[in-house]
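*Asks:* Sequence isn't available, so here's the structure alone:
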């Protein structure tokens, strides 16, 4: 059963504890509330202000599990707080572990401070959970995919358009790297895992995948520099720094160009025109 009073109080407390700068929002001059405004919290949770406000006032419909997960992420809750929120709403909390898509508050706080840099949070299977605006300008919105296509390694073998963004000279290496990475995760997670399912799907669909998979290569790491071919600004050579969340589930990838380089200028240009581009 839903605990409406408990849910409302918990939401109000968590909203009051969040400051605008914690979630990448400007503080502004006329801020009377101690934390976030209701409309700001609602926007972070991807719902209408009216819907969110009714939850805080102990009214409205019974929120679905999907809605509660969205609120937990929007309010930057820890896993313990997320589980508590699910129980208040009368739902069983999602399982924790490799398949969890709940991003830790610490990782989100870092991403929110990287708005002028291409950065993304990804799962061990290369599924993009969150991107900065400049990352969207660089690669397009990678969070729009559903099913197995959410995984970059899966799309590499099933969607030819995926390869257009990468320098042709790097394709053969990237093919081996994606297969090697999937082999590592499939071995780690075991039969029945999502990684194992992707192996089965790709084995059935791609002759190229089957050929490389049979080489049994492991431990092929990405190079220090990633080369992107952007349709509007051309070739970009970017260094990729990786931050692993302490829980070991998600990676924060940050892309930077060497100051003074051609790629640096092109990334600068992309940040200016990025908002006008639609892939």
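*Replies:* Ah, there it is. Nothing here was measured: the structure is a model prediction, and the numbers come from that model. Numbering: from 1, shown residues only.

*Asks:* So which residues of this protein form helices?
*Replies:* Secondary structure of the chain by DSSP state H: the helices cover 4-17, 38-44, 49-56, 65-74, 79-88, 105-112, 133-139, 152-158, 171-189, 194-205, 207-213, 262-273.

*Asks:* Need those helices in CSV (columns: mean neighbour count, mean pLDDT and distance to residue 27).
*Replies:* In short, each C-beta sits where N, CA and C put it, glycine included. CSV is the format used below for these (neighbours: other CB atoms under 10 Å; pLDDT from 0 to 100; distance: least, CB to CB, whole Å):
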stretch, mean neighbour count, mean pLDDT, distance to residue 27
helix 4-17, 17, 95, 15
helix 38-44, 19, 94, 11
helix 49-56, 17, 96, 19
helix 65-74, 19, 95, 19
helix 79-88, 17, 95, 24
helix 105-112, 18, 91, 14
helix 133-139, 21, 96, 20
helix 152-158, 22, 98, 36
helix 171-189, 18, 96, 41
helix 194-205, 16, 97, 41
helix 207-213, 16, 98, 50
helix 262-273, 16, 95, 23
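
*Asks:* For those, give me TSV that also has distance to residue 95.
*Replies:* TSV is the format used below for the helices of the chain (distance: least, CB to CB, whole Å):
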stretch	distance to residue 95
helix 4-17	22
helix 38-44	24
helix 49-56	24
helix 65-74	12
helix 79-88	10
helix 105-112	19
helix 133-139	29
helix 152-158	22
helix 171-189	13
helix 194-205	13
helix 207-213	29
helix 262-273	39
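
*Asks:* The ones you listed: which one's closest to residue 227?
*Replies:* Evaluated with CB to CB, these place helix 262-273 nearest to residue 227, the distance being 9.0 Å.

*Asks:* Next one, pLDDT for residue 275 please.
*Replies:* Looking at residue 275, its pLDDT reads 60.

*Asks:* Which residues are in contact with residue 209?
*Replies:* 157, 179, 202, 203 (CB atoms under 8 Å, 6 or more residues apart in numbering).

*Asks:* Tell me the spatial nearest neighbour of residue 205, not counting adjacent residues.
*Replies:* Once flanking residues are discounted, residue 205 sits nearest to residue 158: 6.0 Å by CB to CB, 6 or more residues apart in numbering.

*Asks:* Could you pull up the residues touching that neighbour?
*Replies:* Counting by CB under 8 Å, 6+ apart, residue 158 touches 148, 149, 202, 205, 206.

*Asks:* Please name the residues that touch the last one.
*Replies:* Right, the one you point to is residue 206. If a contact means CB under 8 Å, 6+ apart, then residue 206 has 157, 158 as its contacts.

*Asks:* if I look at the nearest residue to residue 12 once chain neighbours are set aside, how far off is residue 74?
*Replies:* Among residues not flanking residue 12 along the chain, residue 56 sits closest, at 5.5 Å (CB to CB, 6+ apart). Using CB to CB, to the nearest Å, one obtains 13 Å as the distance from residue 56 to residue 74.
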